[in-house]
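# Model the following, please.
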Amino acid sequence: MRILLRAFSLLDLLSLVFMAMQLWAIVKNYSAMTLLSDKVQSILMFPMFVLLLIGIVGLFKLKKYGFVSYYIQFPFRFYLWVFTIGFITLLPEALSVYDDKWFPILLKICIAAEFVRLYLTIKAQLKMS
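The predicted structure follows:
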């Protein structure tokens, strides 16, 4: 289980890198946003970044605060689309495939994988207790 939790923290680290790029874009373009939902989503990205960082460190060190941080993050991950393996949605662009048929499929995989991760995280925490 230790290897699994560290793998989750490394995948979250990859998500954190992509999230940092999104945060930079938010900072640069915040004044151009007109919809309230976009502004709320943008503002929530900053505490999510901090929670993700805390969760990465906690899970890598196998500390309880890493689990707690992930459980707090879980509902916000769906609202903000910050998934553990969310980077796979960028694969078609990286392979120069720009048709719209792959994104919905890959997004469904990300959502299913997030629930699998929640199950495995709970199972790991119970095993460690």
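# Can you give me the buried ones in the helix or strand S9 falls within?
Secondary structure from DSSP states H and E places S9 in helix 2-29. Applying a neighbour-count criterion of 16 or more other Cβ atoms under 10 Å, one finds 5, 8-9, 11-12, 15-16, 19, 23, 26 buried in helix 2-29. All C-beta atoms are positioned from the backbone trio N, CA, C, and that covers glycine.
# mind putting those residues in TSV, distance to V57 included?
Compiled in TSV, the buried residues of helix 2-29 are given as follows (distance: Cβ to Cβ, whole Å):
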residue	distance to V57
L5	12
F8	12
S9	8
L11	14
D12	10
S15	14
L16	11
M19	15
L23	18
I26	23
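# Measure how far the helix holding S9 is from the centre of its chain, please.
6 Å (Cα atoms, centre = their mean, to the nearest Å).
# Counting by contacts, list what that helix packs against.
For helix 2-29, the elements it packs on are helix 36-60, helix 102-128, judged by 3 or more Cβ pairs under 8 Å, 6 or more residues apart in numbering; DSSP states H and E.
# Tell me which of the ones you listed sits nearest to A94.
helix 102-128 (11.3 Å; Cβ to Cβ).
# by how many degrees do the closest one and helix 36-60 diverge?
Calculated by axes from the mean of the first three to the mean of the last three Cα atoms, to 10 degrees, helix 102-128 forms an angle of 40 degrees with helix 36-60.
# packing partners for helix 102-128?
Helix 102-128 sits against helix 2-29, helix 64-80, helix 91-94, with contacts defined as 3+ Cβ pairs under 8 Å, 6+ apart.
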